[in-house]
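Peer 1: Give me a model of this one.
(one chain, ligands or ions: 1)
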Amino acid sequence: MAENLETIISVIAETEKAFFYRLSNAATRDDLEEIRIEYLSRKGKVQSLFSLIGKVDGADRPKIGAELNRVKKAVQDAIDEKQKSFQRTGKAIEFFDPTLPGRTVSVGSLHPLMQVMDEVKQIFVGMGFRIEEGDEIETDYHNFEALNIPKHHPSRDMQDTFYLSDEYVLRTHTSPVQIHTMEDQKPPIRMIAPGRCFRKDTPDATHSPTFHQVEGLCVDRGVSFADLKGVVLAFAQKLFGKDVKVRFRPSFFPFTEPSAEYDFSCIFCKGQGCRVCKDTGWLEISGAGMVDPAVFGFVDYNADVYSGYAFGMGIERIAMLKYQVNDIRIFYENDLRFLKQF
Ligand code: FA5
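Peer 2: From the prediction side, this is the model:
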């Protein structure tokens, strides 16, 4: 009985499809030879399809014959073509399509925190400050004691840190660089010390266990609080524009006397009060003050001759303001969707 014409056509089509699938996976000359034998040899899959001609009605035979000849030629041509594309090594040459777009090399960029850090450095260098480097691992002495924070003093609680041993800590602020600088150099001193700090703070929208500060220190004869205010105002205006205002509030740090914290007028609402400044019109930026004479005692500076001011600001805080970021944690998540915006 003659087989259904449709069934035979679909068997031929399946064989052709399977061949092209196999061919697309052929990676070597040997693979290709194997496929050639499988399909085109005398007992191969294409040849055996010709036996199907006898199973259809006489009237349909020319049609099946023509289809089989077409498939045989397509298989032969495809094998010849692939053979040409092999190098002498037996490896396939990759198909080269000159119309495809080129492969671009993705270029990295500075992290937004480092961009802010660079801007802050540039402003202070422009005002005559040198940049001092500090270590992230500090002695307890430099991080606390020489800054007038004796062991067991309650103010240590504010800066609980990671102790590597009784003597070494991950620095909790950049203030120990003040001590190293004064140990190594005589006045006049005018330096900033940018760097990473660590505290055992629970992460939240404004706190991270790792963060960055920029310390500032100026020591000379006759340095006054007015100098501190002038430098901070100049810095604020360079960073956020001429309209920004600065206010100082009394505060306490064991290593400055008097101590203060300073705020910038809110750059978003221009001091009118908004969500960012919690309706106060001001944004908290930094701790500051006049260097406590007790600290001069630790570094052998004569407090009767010299005076100085110091400040320490959080870089993340400034970056959050500048880029209107409302959660500090996003700086550390390495999310390229965020980082690529800067
Ligand atoms: C200090 O660290 C003092 N060393 C600053 C100082 C220097 C005062 C010189 C006087 C003279 P304070 O703990 O307030 O102070 O931290 C300063 C800034 O660091 C804060 O305003 C905040 O912006 C940032 N900061 C502190 N802890 C964190 C934290 N866990 N995550 C992110 N930023 C922080």
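
Peer 1: For the rest of this, base every contact and every neighbour count on C-alpha atoms.
Peer 2: Noted.

Peer 1: Any stretches of the stretch 201-342 of the chain with poor pLDDT?
Peer 2: Judged against pLDDT under 70, the stretch 201-342 of the chain has no low-scoring part.

Peer 1: Can you give me the buried ones in the one helix or strand Tyr39 maps to?
Peer 2: Tyr39 is part of helix 29-40 when elements are defined by DSSP states H and E. Within helix 29-40, the residues scored as buried using 16 or more other C-alpha atoms under 10 Å are 29, 32, 35-36, 38-40.

Peer 1: Then stretch 185-200?
Peer 2: If you call a residue buried by 16+ other C-alpha under 10 Å, then stretch 185-200 has these buried ones: 189-199.

Peer 1: check these against the ligand, which are close?
Peer 2: Arg199 (C-alpha under 6 Å from any ligand atom).

Peer 1: could you dump the buried residues of stretch 185-200 to JSON lines with secondary structure and pLDDT?
Peer 2: Below are the buried residues of stretch 185-200 laid out as JSON lines (DSSP: H, G, I helix; E, B strand; the rest coil; pLDDT from 0 to 100):
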{"residue": "Ile189", "secondary structure": "strand", "pLDDT": "98"}
{"residue": "Arg190", "secondary structure": "strand", "pLDDT": "98"}
{"residue": "Met191", "secondary structure": "strand", "pLDDT": "98"}
{"residue": "Ile192", "secondary structure": "strand", "pLDDT": "98"}
{"residue": "Ala193", "secondary structure": "strand", "pLDDT": "98"}
{"residue": "Pro194", "secondary structure": "strand", "pLDDT": "97"}
{"residue": "Gly195", "secondary structure": "strand", "pLDDT": "97"}
{"residue": "Arg196", "secondary structure": "strand", "pLDDT": "97"}
{"residue": "Cys197", "secondary structure": "strand", "pLDDT": "96"}
{"residue": "Phe198", "secondary structure": "strand", "pLDDT": "95"}
{"residue": "Arg199", "secondary structure": "coil", "pLDDT": "93"}
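
Peer 1: from the buried residues of stretch 185-200, which single one is nearest the ligand?
Peer 2: Using C-alpha to the nearest ligand atom, Arg199 is the member of the buried residues of stretch 185-200 that lies nearest the ligand, at 5.9 Å.

Peer 1: Please give me every residue in contact with that closest one.
Peer 2: Counting by C-alpha atoms under 8 Å, 6 or more residues apart in numbering, Arg199 makes contact with 159-162, 170-172, 208-210.

Peer 1: make it 7 Å
Peer 2: By C-alpha atoms under 7 Å, 6 or more residues apart in numbering, the residues touching Arg199 are 159-162, 172, 209-210.

Peer 1: from those residues, which single one is nearest the ligand?
Peer 2: Closest to the ligand, out of all of those and judged by C-alpha to the nearest ligand atom, is Pro209, at 5.2 Å.

Peer 1: Which members of the buried residues of helix 29-40 additionally contact the ligand?
Peer 2: Residues of those in contact with the ligand (C-alpha under 6 Å from any ligand atom): none.

Peer 1: mind giving me CSV with those and columns for pLDDT?
Peer 2: CSV is the format used below for the buried residues of helix 29-40 (pLDDT from 0 to 100):
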residue, pLDDT
Arg29, 81
Leu32, 89
Ile35, 94
Arg36, 94
Glu38, 94
Tyr39, 95
Leu40, 93
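
Peer 1: Name the surrounding residues that touch the helix ranked longest in the chain.
Peer 2: Among the segments of the chain that qualify as a helix by DSSP state H, the longest is helix 61-84. Identification of contacts with helix 61-84 by C-alpha under 7 Å, 6+ apart yields 16, 46, 50, 53.
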